[in-house]
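>>> build me a model:
(chains A and B)
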Number of protein chains: 2
Amino acid sequence: MRRIKCIIAYDGTNFAGYQIQQNKRTVQGELERALAIIHKGEAVRVYASGRTDATVHAYGQVIHFDSPLTIPEERWAKALNALLPDDIVVKEAAEVSPSFHARFSAKAKEYRYRVRTAQEPDVFLRNYVYHYPYSLNHEAIQKALTFLIGTHDFTSFCSAKTDVEDKVRTIYEANMIVEKDEVVFQLIGNGFLYNMVRIIVGTMLEVGIGKIKAEDIPHILEKKDRSLAGKTAPGHGLYLWKVYYDN
Amino acid sequence: MRRIKCIIAYDGTNFAGYQIQQNKRTVQGELERALAIIHKGEAVRVYASGRTDATVHAYGQVIHFDSPLTIPEERWAKALNALLPDDIVVKEAAEVSPSFHARFSAKAKEYRYRVRTAQEPDVFLRNYVYHYPYSLNHEAIQKALTFLIGTHDFTSFCSAKTDVEDKVRTIYEANMIVEKDEVVFQLIGNGFLYNMVRIIVGTMLEVGIGKIKAEDIPHILEKKDRSLAGKTAPGHGLYLWKVYYDN
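Numbering: from 1, shown residues only, chains lettered A, B, ... in the order given. Predicted structure coming up:
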């Protein structure tokens, strides 16, 4: 068996999320369907760095699978892309050591979240950027973001719908990039809880309009109370941007 | 009656084109449906600067309609956007003179056509940019474009499916803008025949890969033979960008 690692991108708009579900269109379902064709009906399980929710996009999701086939590594992307629907693309494929695991070998993950702040909606970006047509206090947001950097218990920034016990995570970078008509949040951390990025972004936007004070972030973290943070920003502005591994 | 002019944008992906058709989802159909609601069931006819085909986008289509309502002009965009599906947006609305006509008052139109030349497809642009993963000779294309500028009979660049007799049109500008991973064609003219922009772009791409010589363009124009020009480029890279009127 050979272990193949792929970097994939997908447009989350028409998926019920990454993870396979009966009778729903999922990214994992499409990947396994394509792999089953290549393996002449043999089921091939796909492992990802993590799930993404419905409407959430991936620019650089990482998956792996094992195959007995002797397809050269540089041919895998083409073979899969020929069979995948056009809202999933394999960007790179490579043979890796059998000890590599898309989820467990991951050292860090980067998410980006795009917000359109211009007054008018942009019809071409409606599924790709969250439209939040308010003037934002950039300084306040920048300040609030710095309070998130480091190792914290992120219970206040985690959906109640989770069975994860340990809510301590480390955020290495938390930036806001201001572009014309748009702000992009960039978060890099060793792991993210359920809805954590979307709750952080929702909170930052409330900081931006003055509803939450930047100085309150340490207090919100400390209280471990989801109700103190902002609303969960919608999925369609979110991108799993990159998964970091050793080397 | 007041005449209202609107600049609208739409994502052509999920439309059977601009023009109303029975049992098909069209831009005109959606506009007239929204206007009928505002007018309490009264039918309101919408006039556009011209049609666009299925999958073709508009960044700045212009329409007009007449209304007996006394809605202030600055309220029309909001009223319509509240009722329109999210793949159509009214960007601007203004009251105009009853002599204004979206189609007949138009002095010129600008189209843009986006082509992705990078090897890998971009999953987020698949409905918005034509993927043509070839290395293009930019100089040859620039030269070929200059032969199109001016007043010519564009029979060779017009679909046979047309009942227009006079195929003489004037092109004021024909540019290619080279960006990272993308080239954008910009064409401004006093009018365009059926599929004309898409045939011009298809021809320019064949010039770019050396299949057609730039120097052959005058000959192709002269022969008035559609079979001498290149393939019709697909609709999803095309944008009706702007319609020009006096003032």
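>>> ok now the helix or strand that contains residue A:201, how far from the chain's centre?
Following DSSP states H and E, one finds residue A:201 within helix A:196-208. Centroid separation between helix A:196-208 and its chain, computed with Cα atoms, centre = their mean, to the nearest Å, is 15 Å.
>>> can you give me the buried ones in the helix or strand just after it?
Per DSSP H and E, the first helix or strand lying C-terminal to helix A:196-208 is helix A:217-223. Using 16 or more other Cβ atoms under 10 Å in any protein chain shown as the burial criterion, the residues of helix A:217-223 that qualify are A:217, A:220-221. C-beta coordinates here come from the backbone N, C-alpha and C atoms, glycine included.
>>> would you confirm that residue A:172 belongs to a strand?
Yes: checked against DSSP: H, G, I helix; E, B strand; the rest coil, residue A:172 lies within a strand.
>>> for it, grab the count of nearby residues.
A count of nearby residues for residue A:172, using other Cβ atoms under 10 Å in any protein chain shown, gives 13.
>>> let me see the contact set for residue A:187.
Residue A:187 makes contact with A:110-113, A:171, A:173-175, A:197, A:200, according to Cβ atoms under 8 Å, 6 or more residues apart in numbering or on different chains.
>>> highest neighbour count among these?
Within these, neighbour counts (other Cβ under 10 Å) peak at residue A:200, which reaches 29 neighbours.
>>> need phi/psi at the nearest residue to that residue once chain neighbours are set aside.
Excluding its sequence neighbours, the residue lying closest to residue A:200 (Cβ to Cβ, 6 or more residues apart in numbering or on different chains) is residue A:157, at 5.5 Å. Backbone geometry at residue A:157, expressed as degrees, to the nearest 10, gives phi -110, psi 30.
>>> return the distance of residue A:157 relative to residue A:175.
Per Cβ to Cβ, to the nearest Å, residue A:157 is found 17 Å from residue A:175.
>>> what residues does chain A have near chain B?
Within chain A, the positions lying close to chain B (Cβ under 8 Å from any Cβ of the partner chain) are A:9-11, A:57, A:81, A:86-89, A:91, A:120-124, A:126, A:128.
>>> mark which of those are buried, thanks.
Here, 16+ other Cβ under 10 Å leaves A:9-11, A:57, A:81, A:87-89, A:91, A:120-124, A:126, A:128 buried among the residues of chain A next to chain B.
>>> circling back: out of the buried residues of helix A:217-223, who's nearest residue A:34?
Nearest to residue A:34 among the buried residues of helix A:217-223, counting by Cβ to Cβ, is residue A:221 at 42.3 Å.
>>> hmm, back to that, restricted to strands, list the residues of chain A next to chain B.
Counting by DSSP state E, the residues of chain A next to chain B place A:9-10, A:57, A:88-89, A:91 in strands.
>>> pull the most distant pair out of those residues.
Farthest pair in these, by Cβ to Cβ: A:57 and A:91, 13.4 Å.
>>> now do the shared contacts for the two.
With Cβ under 8 Å, 6+ apart, residue A:57 and residue A:91 have common neighbours residue A:9.
>>> which one of the contacts of residue A:187 is nearest chain B?
Nearest to chain B out of the contacts of residue A:187 is residue A:112 (Cβ to the nearest Cβ; 12.4 Å).
>>> just say helix, strand or coil for that closest one.
strand.
>>> secondary structure element for residue A:75?
Element membership of residue A:75 [criterion: DSSP H and E] is helix A:73-83.
>>> neighbouring contacts of that helix?
A:4, A:6, A:31, A:33-35, A:37-38, A:71, A:89-95, B:121.
>>> which of those residues fall within strands?
Among those, the members that lie in strands (by DSSP E) are A:4, A:6, A:89-95.
>>> could I get the ones in strands among the residues of chain A next to chain B as CSV with pLDDT?
Converted to CSV, those look like this (pLDDT from 0 to 100):
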residue, pLDDT
A:9, 98
A:10, 98
A:57, 98
A:88, 98
A:89, 97
A:91, 96
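>>> tell me what angle the helix or strand that residue A:59 is a member of forms with strand A:88-96.
For residue A:59, the host element (DSSP H and E) is strand A:57-67. Angle, strand A:57-67 to strand A:88-96, by axes from the mean of the first three to the mean of the last three Cα atoms, to 10 degrees: 40 degrees.
>>> elements contacting strand A:57-67?
With contacts defined as 3 or more Cβ pairs under 8 Å, 6 or more residues apart in numbering or on different chains; DSSP states H and E, the packing partners of strand A:57-67 are strand A:2-10, helix A:27-38, strand A:47-48, strand A:238-244.
>>> those: which one's closest to residue B:51?
Residue B:51 lies closest to strand A:2-10 among these, at 33.2 Å (Cβ to Cβ).
>>> what lies in contact with that closest one?
A:27, A:31, A:57-70, A:73, A:76-77, A:80, A:87-98, A:100, A:102, B:122-124.
>>> before we move on, what about stretch A:196-212?
Contacting residues not belonging to stretch A:196-212 are listed as A:111, A:113, A:115, A:130, A:132, A:134-138, A:140-141, A:144-145, A:148, A:154, A:157-159, A:169, A:174, A:176, A:185, A:187, A:213-214, A:217, A:220, A:226, A:229-235, A:237-238 [Cβ under 8 Å, 6+ apart].
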